[in-house]
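**Student:** Generate coordinates for the sequence data below:
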Amino acid sequence: MDHKLKNITKKFTKSILHYDVVNLTITLKQTLNGIPLDKISMEQNLKHFLNILNSNVFGNGFKRYGKRLKILTKSEYSENNRLHLHLILEKPQRLEYMKFNYLIFRSITKTDYFYNQFHIEQPTSHKRKVGWFNYIMKGNLDNSIDWNNTVL
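**Tutor:** Numbering: from 1, shown residues only. Down below sits the predicted model:
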């Protein structure tokens with residue numbers, strides 16, 4: 001991706017920082033029943049997770065009115081070539097951090113490819129939100145932002 005397009009992408013996705021958010025890193029199982037993880041399986045599993053989470057947060061409003069949390073999703077490979085996800089998730093104003101954290105945990109446990117090991121953080125300042133955003137937007141953005149599951 002050229003430098004100009006990368007800057008445009010970062011500017012477009014930065015709108016999520018206007019919300020109260022949590023930062024989330026999810027580790028994925030690299031195989032399930034002998035079938036290796038690929039981008040399609042990862043995106044489907046993430047969609048399942050988000051559907052469960054949105055249902056828990058919005059109830060019938062999720063399906064009836066299309067209410068959804070804002071989310072920015074980026075996948076990347078670690079140094080040992082393991083696929084994992086970095087997310088910025090909108091935290092609903094009406095939910096306290098611990099309750100939202102519990103809903104995330106409960107939703108993760110209902111997926112096939114997600115380990116129950118994840119890292120969630122509530123940024124304590126705007127500087128921390130921007131720092132996490134810049135961290136996950138580092139490097140090559142080609143095919144790493146999951147546009148199917150990103151909602152801005």
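
**Student:** so where's this protein shaky on pLDDT?
**Tutor:** 1-3, 5, 142 (pLDDT under 70).

**Student:** The most centrally placed residue in it pairs with what?
**Tutor:** The residue lying closest to the centre of the chain (C-alpha atoms, centre = their mean) is L87, at 2.8 Å. Beta bridges link L87 to L24, T73, judged by DSSP bridges.

**Student:** How far off centre is stretch 52-65?
**Tutor:** 17 Å (C-alpha atoms, centre = their mean, to the nearest Å).

**Student:** Quick check: end-to-end length of that stretch?
**Tutor:** 16 Å (C-alpha to C-alpha, to the nearest Å).

**Student:** Can you list the buried residues in it?
**Tutor:** With burial defined by 16 or more other C-beta atoms under 10 Å, the residues of stretch 52-65 counted as buried are I52, L53, N54, N56, V57, F58, F62. (C-beta placed from N, C-alpha, C; glycine too.)

**Student:** What is the biggest helix by length in the chain packed up against?
**Tutor:** When the chain is parsed with DSSP state H, its longest helix is helix 39-58. With contacts taken as 3 or more C-beta pairs under 8 Å, 6 or more residues apart in numbering; DSSP states H and E, helix 39-58 sits against helix 60-65, strand 71-77, strand 83-90, helix 97-108.

**Student:** Could you pull up phi and psi at the residue of the chain most remote from its centre?
**Tutor:** Largest separation from the mean C-alpha position in the chain: G34, at 25.5 Å (C-alpha atoms, centre = their mean). Dihedral pair for G34: phi 80, psi 0, per degrees, to the nearest 10.
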